[in-house]
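K.L.:
Whatever this is, show me its structure:
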Amino acid sequence: MKKTKFTESQIVAAIKKQESGIATKEICRELGISDATFYDWKAKYEDIYRPCMKKANGYFVISLDFELMWGVRDKVIKKTYGKNILGVQTVIPRLLETFNQHNIHATFATVGFLFYKNKKEMLDEFPSLLPNYHKHCLSPYGSYMETEVGSDYITDPYHFAPNLVQMIQDTSNHEIGTHTFSHYYCLEHGQNQASFKEDLCAAISVAKPKGINITSIVFPRNQVNENYLKTCHEMGIIAVRTNEKSWLYNARKSDNENKLRRCIRLADAYINLSGHHCYPVPARIKSIPIQIPSSRFLRPYNPHFNFFESLRLNRIKKSMTYAAKHNKVYHLWWHPHNFGINQDQNFAFLEKILKHYDYLNKCYGFSSITMSDLSRKA
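P.N.:
Numbering: from 1, shown residues only. Okay, here's the model as predicted:
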């Protein structure tokens, strides 16, 4: 069967022309097609062009966990993962440029440590109460701070990023939220609500002199602690990213994670095992902060799974389309360091997602929005 030379958007545009009153024969002559082909298009694409006439709604949320080495230091070392971290220096400007081209409004949930220009400034502003994790490797304070963290952002781009924070701030549309001050683990043994509050206070305080008002939070490692949401509200947080509503993605302590869940989550990235994870647009305030569940983690390119890339892309696009058609929220997230290597492949994949967003925006009124702005609509 001969493949059509026209794209889906061109076909829908032709149908819209006819709907506006232009004669079918004139459209067919302009495109070099027969009347039969045109009416075949109309039958096939009716489900698409009808929403284009009446505009649906729905929202596309992108949140990024901006953490550098602070988010992975207990799992990896610079020797094995350093290229990913250093790659963020080019990933952030590329993301901002790409988002600008597609009018994307993103939330950058940023670890507070990244705001500092040097170690001395950071040490002077540590919270008065630190978490006392039972697993000492989880704490960024003490020996790790003394031996692994450099003097400033010029000599240590693994742990400081004031230049990148400023770059995000200087770009319109985006929101800088918090990923806590120290990449704080809210479900681990040894920490408590009092030390969490001090940590959150420090995260808000380091951003304030730069004119950044923190109103959204993403809990590190997705360890959403329901008991801490009241503290978030007290500190002015109006939006929180929560987990997909499935047993596969329920928040757990690190010790309670297992290989089975990881394997099924990996498969779920390619095949729809757990659903679309699209959620109703917040219509009214039930509690603050507003919970905005995630829909999909954008896994980085893996050359070993290159053959399955089309499945991964279609998994995301189908769920985005479902959200657009049904006036729901689709929430995509990842870490900038996930794009730190294989950047061309990762950005090419992202570009395909955002082109699909452009199409859904045009046909259904599907809109990009930050976490805080979505909460304000409630």
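K.L.:
phi, psi of V61?
P.N.:
phi -110, psi 130 (degrees, to the nearest 10).
K.L.:
which residues does it bridge with?
P.N.:
H331 (DSSP bridges).
K.L.:
OK, contacts around it?
P.N.:
In this structure, V61 makes contact with 107, 292, 329-332, 368-371, 374, judged by C-beta atoms under 8 Å, 6 or more residues apart in numbering. Bear in mind the C-beta positions are built from the backbone N, C-alpha and C, glycine included.
K.L.:
and what of V281?
P.N.:
Contacts of V281 (C-beta under 8 Å, 6+ apart): 57-59, 327-329, 374, 377.
K.L.:
quick one, phi psi at it?
P.N.:
V281 has phi and psi values of phi -70, psi 130 when expressed as degrees, to the nearest 10.
K.L.:
same thing with T178?
P.N.:
Main-chain dihedrals, T178, degrees, to the nearest 10: phi -120, psi 150.
K.L.:
Do you know the pLDDT at the closest residue to it other than its chain neighbours?
P.N.:
Of all residues not flanking T178 in the chain, A203 sits nearest, at 4.4 Å (C-beta to C-beta, 6 or more residues apart in numbering). pLDDT recorded at A203 is 98.
K.L.:
Ok, Y59 next?
P.N.:
pLDDT recorded at Y59 is 97.
K.L.:
and if you look at the one 4 residues further on?
P.N.:
Among the per-residue scores, S63 shows a pLDDT of 98.
K.L.:
check which helix or strand covers it.
P.N.:
strand 59-66 (DSSP states H and E).
K.L.:
other SSEs contacting whatever helix or strand comes next after that strand?
P.N.:
Downstream of strand 59-66, the first helix or strand assigned by DSSP H and E is helix 78-101. Secondary-structure packing of helix 78-101 (3 or more C-beta pairs under 8 Å, 6 or more residues apart in numbering; DSSP states H and E): helix 162-169, helix 343-364.
K.L.:
what is the mean pLDDT for the last one?
P.N.:
Helix 343-364 shows a mean pLDDT of 96.
K.L.:
partners of whichever helix or strand comes after that helix, with directions?
P.N.:
Toward the C-terminus, helix 343-364 is succeeded by strand 367-368 as the next helix or strand (DSSP H and E). Applying DSSP bridges, strand 367-368 is found paired with strand 59-66 (parallel).
K.L.:
any idea how far the partner strand is from the chain center?
P.N.:
The chain centre lies 3 Å from the centre of strand 59-66; the measure is C-alpha atoms, centre = their mean, to the nearest Å.
K.L.:
still on that earlier bit, so which of the contacts of V61 wins on neighbours?
P.N.:
T107 (30 neighbours; other C-beta atoms under 10 Å).
K.L.:
quick one: contacts for it?
P.N.:
T107 touches 61-64, 174-177, 216, 218, 370-372, counting by C-beta under 8 Å, 6+ apart.
K.L.:
ranges for the helices of the chain?
P.N.:
Along the chain, counting by DSSP state H, helices occupy 8-19, 24-31, 35-44, 46-54, 78-101, 119-124, 143-148, 162-169, 193-207, 229-234, 259-268, 309-325, 343-364, 371-376.
K.L.:
quick one on the thing from earlier: my read: the residue nearest to T178 touches I214, true?
P.N.:
Yes. Shown here, A203 and I214 form a contact pair, counting by C-beta atoms under 8 Å, at 6.5 Å.
K.L.:
So for these two, which residues contact both of them?
P.N.:
T178.
K.L.:
Neighbour count: the two, which is higher?
P.N.:
In this view A203 and I214 are compared by other C-beta under 10 Å, and A203 has more residues nearby, 26 against 23.
K.L.:
before we move on, the earlier item: rebuild the helices and strands packed on helix 78-101 as JSON lines, extending it with mean neighbour count and distance to H189.
P.N.:
Compiled in JSON lines, these are given as follows (neighbours: other C-beta atoms under 10 Å; distance: least, C-beta to C-beta, whole Å):
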{"stretch": "helix 162-169", "mean neighbour count": "17", "distance to H189": "32"}
{"stretch": "helix 343-364", "mean neighbour count": "18", "distance to H189": "35"}
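K.L.:
Just put those in JSON lines and tack on distance to T155.
P.N.:
JSON lines is the format used below for the helices and strands packed on helix 78-101 (distance: least, C-beta to C-beta, whole Å):
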{"stretch": "helix 162-169", "distance to T155": "13"}
{"stretch": "helix 343-364", "distance to T155": "24"}
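K.L.:
among the ones you listed, which is nearest N222?
P.N.:
helix 343-364 (20.9 Å; C-beta to C-beta).
K.L.:
what sits up against the closest one?
P.N.:
Counting by C-beta under 8 Å, 6+ apart, 8-9, 12, 48-49, 51-52, 55-58, 60, 87, 90-91, 94, 98, 101-102, 104, 298, 300-301, 309, 312-313, 316-317, 320-321, 324-325, 332, 338-339, 366-368 sit against helix 343-364.
K.L.:
Ok, stretch 159-170 next?
P.N.:
Contacts for stretch 159-170 (C-beta under 8 Å, 6+ apart): 66, 68-70, 88-89, 92-93, 96, 108, 110, 113-118, 148-150, 152-153, 174, 176, 210-212.
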